Structure formats: C-alpha cells, structure tokens
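Asker: sequence isn't available, so here's the structure alone:
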C-alpha cells in the first residue's frame, strides 16, 4: 500500500468475549426472536453471536468484517 488513506489498529491479545451474542444476518442486522429483523439495530464484533461453531477464529476479524458490513447497511437505509 503506497496511497493514503492508511488505517492502524493497535491490538493486544486477551480474553475478550464469549461465544454468545445477538444473531445477525449477513449484512449485520440483528435477528428478531419472532423472525425477521429488528429495524435499525445492527451488531458486529463481540456483540454478534453465532459466528463460531467448532473453534474460535479471532474477534478482530469478526469486528472488522461485520463492522464494515454494519456501516454499509446503515448508510444504505
């Protein structure tokens, strides 16, 4: 990468969250218990559940991917 903008994320290893959380759609909308989604509610990172089934893949990856999806979803409302 030679062209800005550049982004930096400082990270330190730690136990940061459990495997639970709110169930979300692929575009980061929070699923409602009775079906569908909860209007205007988005979740990413440690707040998003159902991402890990057999093993832990890293919380920063989920935060980055679903954080960006949540931002895109919020902007397209």
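Answerer: Received the coordinates, thanks. None of the values given here were measured: they were computed from a predicted structure.
Asker: gap between residue 65 and residue 30?
Answerer: As judged by Cβ to Cβ, to the nearest Å, residue 65 and residue 30 stand 16 Å apart. To be clear about C-beta, it is placed using only N, CA and C from the backbone, and glycine gets the same treatment.
Asker: and these two? which has more neighbours close in?
Answerer: Between residue 65 and residue 30, residue 30 has the larger neighbour count (other Cβ atoms under 10 Å), namely 20 against 15.
Asker: tell me the helix or strand right after the helix or strand that contains that one.
Answerer: Taking DSSP states H and E as the criterion, residue 30 maps to strand 29-31. Toward the C-terminal end, the helix or strand that comes next after strand 29-31 (DSSP H and E) is strand 37-42.
Asker: list the helices and strands that next one packs on?
Answerer: Other elements packing on strand 37-42 under the criterion 3 or more Cβ pairs under 8 Å, 6 or more residues apart in numbering; DSSP states H and E are strand 29-31, helix 59-75.
Asker: brilliant, that's me finished.
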